[in-house]
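Trainee: Below is the sequence, then the predicted model.
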There are 2 protein chains.
Amino acid sequence: MGTANVPNPTIRRLSRYLRKLDELSASGTEQISSIELGKSLGLTPSQIRQDLNWFGEFGRQGYGYDVKMLRENLADILAMNRNFTAILVGAGNLGKALMESFGFTDCGVHLLCAFDTDPQKNGTLINDIPILSMDCVAEYVNQHNVDIAILTVPKAAAVTVAENLEGCGIRAFWNCTNVDLLAHSRDTIIENVHFADSLMALNYFIAERNDEIAKRENRKANRIIADFRVGGGCVV
Amino acid sequence: MGTANVPNPTIRRLSRYLRKLDELSASGTEQISSIELGKSLGLTPSQIRQDLNWFGEFGRQGYGYDVKMLRENLADILAMNRNFTAILVGAGNLGKALMESFGFTDCGVHLLCAFDTDPQKNGTLINDIPILSMDCVAEYVNQHNVDIAILTVPKAAAVTVAENLEGCGIRAFWNCTNVDLLAHSRDTIIENVHFADSLMALNYFIAERNDEIAKRENRKANRIIADFRVGGGCVV
C-alpha cells in the first residue's frame, strides 16, 4: 500500500470514519465537508484531512468528500475485501458474546469456527458457528487458511494457548484476554484488546475532571468570600 | 493533579505499566531499569521515561525504578483509590461476560448493580451483582452516588439510553456498544470501547504485513532469476 509509518491513532480512526460514512450513505448524504464530518465525530477538520492525506487525495476544494467513494477507499485500506478468516479460541462468556453479537462480517472477517476445552460444548453451534475440541486446533489450522486467532480464553491460559497457536502457524491474534502477549515470529501481529486499560483511562479522566470541578468550585467560593469581605461582611 | 495535556496514548499505557509492576512484585523483583521494563512490554526505554516524566521523577540514575513505589504512584495517578462506583446497563451476553469475568475491583471500580429491560432478569443475581429493572434506573441514580455507567445495551438502544442516563445526571460512560456516542454536558466523559476498530486495525496490519511478505518474496524470486541469468541459464 506504500503507507508504512502511518501513525497508529490514524489507523484506529479509519473505521470510525467508515462507520460514519455508512450512516451518511444510509441517510442519503452524497457529499460531506471535513468540517461537518469532524463535527459529527468530535474531531477537528484538520485532523480528518491529515488522517486521510496519508492514503491519497480524497477531498475536493469547495466540495468536500464524495461519501460513497471515500467509503470504498477506506474499506479497501482496511482490507475489508481481502476475505480474512478467523477462528475463535475459548467459547466462554466473552467468546459467546462475540459469536452472538459481534459484526465480524461488517469488519470483513469470516469467523470459521470456535474451539473450547469443555467436551460438553464440542459439536454444538453458537449462532451457527461450530464449536470444536481444542485437541483439534493444530490439525484444523494445518488444513485451513486461518488468518486470525481470536483469543477469549481465561487469563491463566492466554500465554500457553497463544504460543501453541503461533507454533501451529497462526500469525495474527486478536487478543481479548486482557493479558499482554508478545509475538515470537517477526511476522506475527498481536492486537491486544485492552478492556482494563480502557476503564482505567476512564478512571484517570474522571479524576482529572473531578479535580477540575473542585478547583472551579473552590475559586467560586473564594470569589463569594472576597465579595462578602469587600461588601463589609465579617469572616471569622 | 496538574497533569493536563498528558498525551492520550501515555494515559493508556499507564495501566500496562501497572500490570507489569504487579507481576514483577509478585515474582519478588524490587527494582527494574527502564531498559528491562521496556523489553518486557515491547516499548523503548525512552518511551517509558517520557511517559512517566509527565507525572514526576520516579527513577534513579543507575538504580532504575523502585517497583513498589512506582506501582503505588501509578495506582494513585489512575485514581484506583478514589472508590469510583459503576452501574452496568444491559445484562445481555457482553454485560454478563463483564459481570462474570472482568476484574472491576482490580481497576478500582465498584460495580453496584446492573439494569435490564427483560422482566425475567429483574431480581436475579449474576456473580452476586443484582439485576434491576430499567424502569428504576433514574430513581437509583438519584439516590446513589454513581460515577460511571457501563453501557452494554444493543446498538439500536445505545444513543437513547445514554441520553436518558446523562439526563439522570450520569457524567461518565464506559461505552461498550460499538456505537460512537457524543456527550451533551461539558463535564460528561465518554470512553468508547471499540471492538470493531480494534479488529479493523488488525485487518490493516495483516494486509500491510502480507503485502510486505509478498514484496520480500518477489525480491527473492527476482534475485534467483538474476543469479540464474548471471550463471548463464536461459529464461524463456
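Mentor: Yep, it's here.
Trainee: what's the single longest helix in chain A?
Mentor: When chain A is parsed with DSSP state H, its longest helix is helix A:195-230.
Trainee: So which bits of it are buried?
Mentor: Under the neighbour-count criterion of 16 or more other C-beta atoms under 10 Å in any protein chain shown, helix A:195-230 has A:195-210 buried. In short, each C-beta sits where N, CA and C put it, glycine included.
Trainee: with those in mind, which one is nearest to residue B:61?
Mentor: Proximity of the buried residues of helix A:195-230 to residue B:61, judged by C-beta to C-beta, is greatest for residue A:204, which lies at 28.2 Å.
Trainee: what sits against that closest one?
Mentor: With C-beta atoms under 8 Å, 6 or more residues apart in numbering or on different chains as the criterion, the residues that contact residue A:204 are B:11, B:14, B:77, B:78, B:79.
Trainee: Not counting sequence-adjacent ones, nearest residue to the fourth one?
Mentor: Yep, that's residue B:78 we're talking about. Leaving aside its sequence neighbours, residue B:78 sits nearest to residue A:200 (C-beta to C-beta, 6 or more residues apart in numbering or on different chains; 4.9 Å).
Trainee: Listing partners with orientation, what would you give for the lowest-mean-pLDDT helix or strand in chain A?
Mentor: When each helix and strand of chain A is scored by mean pLDDT, DSSP states H and E, strand A:59-60 comes last, with a mean of 86. The strands that strand A:59-60 pairs with in its sheet are strand A:64-66 (antiparallel) (by DSSP bridges).
Trainee: Quick one: mean pLDDT for the partner strand?
Mentor: Taken as a whole, strand A:64-66 has an average pLDDT of 94.
Trainee: same question, stretch A:219-235
Mentor: Across stretch A:219-235, pLDDT averages out at 77.
Trainee: How far off centre is that stretch?
Mentor: The offset between the C-alpha centroid of stretch A:219-235 and the centroid of the whole chain comes to 50 Å, using C-alpha atoms, centre = their mean, to the nearest Å.
Trainee: got the CA coordinates for it in PDB?
Mentor: Taking C-alpha atoms only, stretch A:219-235 is exported to PDB below (Å, rounded to 0.1, in the frame of the first residue of the first chain):
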ATOM      1  CA  ARG A 219     -12.500  29.600  43.000                       C
ATOM      2  CA  LYS A 220     -16.200  30.400  43.100                       C
ATOM      3  CA  ALA A 221     -16.300  30.000  46.900                       C
ATOM      4  CA  ASN A 222     -13.300  32.200  47.200                       C
ATOM      5  CA  ARG A 223     -14.900  34.800  45.000                       C
ATOM      6  CA  ILE A 224     -18.000  34.800  47.200                       C
ATOM      7  CA  ILE A 225     -15.900  35.200  50.300                       C
ATOM      8  CA  ALA A 226     -14.000  38.000  48.700                       C
ATOM      9  CA  ASP A 227     -17.200  39.800  47.600                       C
ATOM     10  CA  PHE A 228     -18.500  39.400  51.100                       C
ATOM     11  CA  ARG A 229     -15.400  41.000  52.500                       C
ATOM     12  CA  VAL A 230     -15.500  43.800  50.000                       C
ATOM     13  CA  GLY A 231     -19.100  44.300  50.900                       C
ATOM     14  CA  GLY A 232     -18.000  44.700  54.500                       C
ATOM     15  CA  GLY A 233     -19.100  41.300  55.900                       C
ATOM     16  CA  CYS A 234     -17.100  39.700  58.600                       C
ATOM     17  CA  VAL A 235     -15.400  36.300  58.200                       C
END
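Trainee: Extract the residue ranges of chain A that are flagged as low pLDDT.
Mentor: Along chain A, the parts satisfying pLDDT under 70 run over A:1-4, A:232-236.
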